[in-house]
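K.L.:
What shape does this take:
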Amino acid sequence: MEGVLDPMLRKELGEAKAALARHGIVILRGVESELEPAIMIAVRDSLASSPGKLKGLNDKELDLFVESARAAAAKAAKGLSVTHTHLLAKLGTEYIGDLVHELDGIDQLFRWERVAKVAEPVDALLKEKGFRPVSMSGPGDVSDAFAVELQEKWPAAFKRFKSLAVEAAKILGDEERQTAPPEDKPKKKGRKR
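P.N.:
Down below sits the predicted model:
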């Protein structure tokens, strides 16, 4: 890759990859440290919205329920953070052509729609007890900084990196085709005499 790509493209690609990784890490840290507390605030709001059902739970039942909801939120957030870590590690690959094929999938997992799915196990617990699901309208419910990273900084960094990566993969693909040894033509088998 070193000798094939224009030095300016190589430099821009490296900078774009670093920026994307940086924004991805900030999102990852938000998932690890801010998502579970945000879900638990939404759980509290859900419980408070149904005072009649809430009165039906004694203190011990309520404590057990809240603890199980917290454990479900923590487990789901941990699962998403592991997925994000794995995807960010893929950005380090030197095989840019392979990475280009995975970029759209990576981008889909760094969107609010995917992050919000972390609340699904908690919603199931709430439904089981007769409460409404958690209400989180967007990443701003996690934090303002998380919303900026997820909705503004990540998409801009991703778009820049993807365009440069596609350009580099095209150049590298063309170079491979030009330097590949010609395929040997299969020899025709003659009849034995």
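
K.L.:
what ranges of this protein fall below the confidence cut-off?
P.N.:
With pLDDT under 70 as the threshold, the chain has low-confidence stretches at 1-3, 174-193.

K.L.:
Going by contacts, tell me the helices and strands next to the longest helix seen in it.
P.N.:
In the chain, assigned by DSSP state H, the helix with the most residues is helix 59-90. The contact analysis (3 or more CB pairs under 8 Å, 6 or more residues apart in numbering; DSSP states H and E) places helix 59-90 against helix 7-30, helix 36-48, helix 96-108, helix 120-128. Yep, even glycine has a C-beta here, placed from its N, CA and C like the rest.

K.L.:
Out of those, which is the most enclosed?
P.N.:
Across the helices and strands packed on helix 59-90, the average number of neighbours (mean count of other CB atoms under 10 Å) peaks for helix 36-48, which reaches a mean of 19.

K.L.:
Put the alpha carbons of that one into CSV.
P.N.:
What follows is helix 36-48, C-alpha atoms only, in CSV (Å, rounded to 0.1, in the frame of the first residue of the first chain):
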residue,chain,number,x,y,z
GLU,A,36,-27.2,2.5,31.7
PRO,A,37,-27.9,5.5,34.1
ALA,A,38,-30.0,7.1,31.3
ILE,A,39,-32.1,3.9,31.0
MET,A,40,-32.6,3.7,34.7
ILE,A,41,-33.9,7.3,34.8
ALA,A,42,-36.4,6.3,32.1
VAL,A,43,-37.3,3.2,34.2
ARG,A,44,-37.9,5.5,37.2
ASP,A,45,-40.2,7.7,35.0
SER,A,46,-42.0,4.6,33.8
LEU,A,47,-42.7,3.4,37.3
ALA,A,48,-43.8,6.9,38.4
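
K.L.:
On the C-terminal side of it, identify the next helix or strand.
P.N.:
Downstream of helix 36-48, the next assigned helix or strand under DSSP states H and E is helix 51-55.

K.L.:
which parts of that next one are buried?
P.N.:
The neighbour-count check on helix 51-55 (16 or more other CB atoms under 10 Å) flags nothing as buried.

K.L.:
go on, stretch 81-90?
P.N.:
So stretch 81-90, judged by 16+ other CB under 10 Å, has buried residues 81, 84, 87-88.
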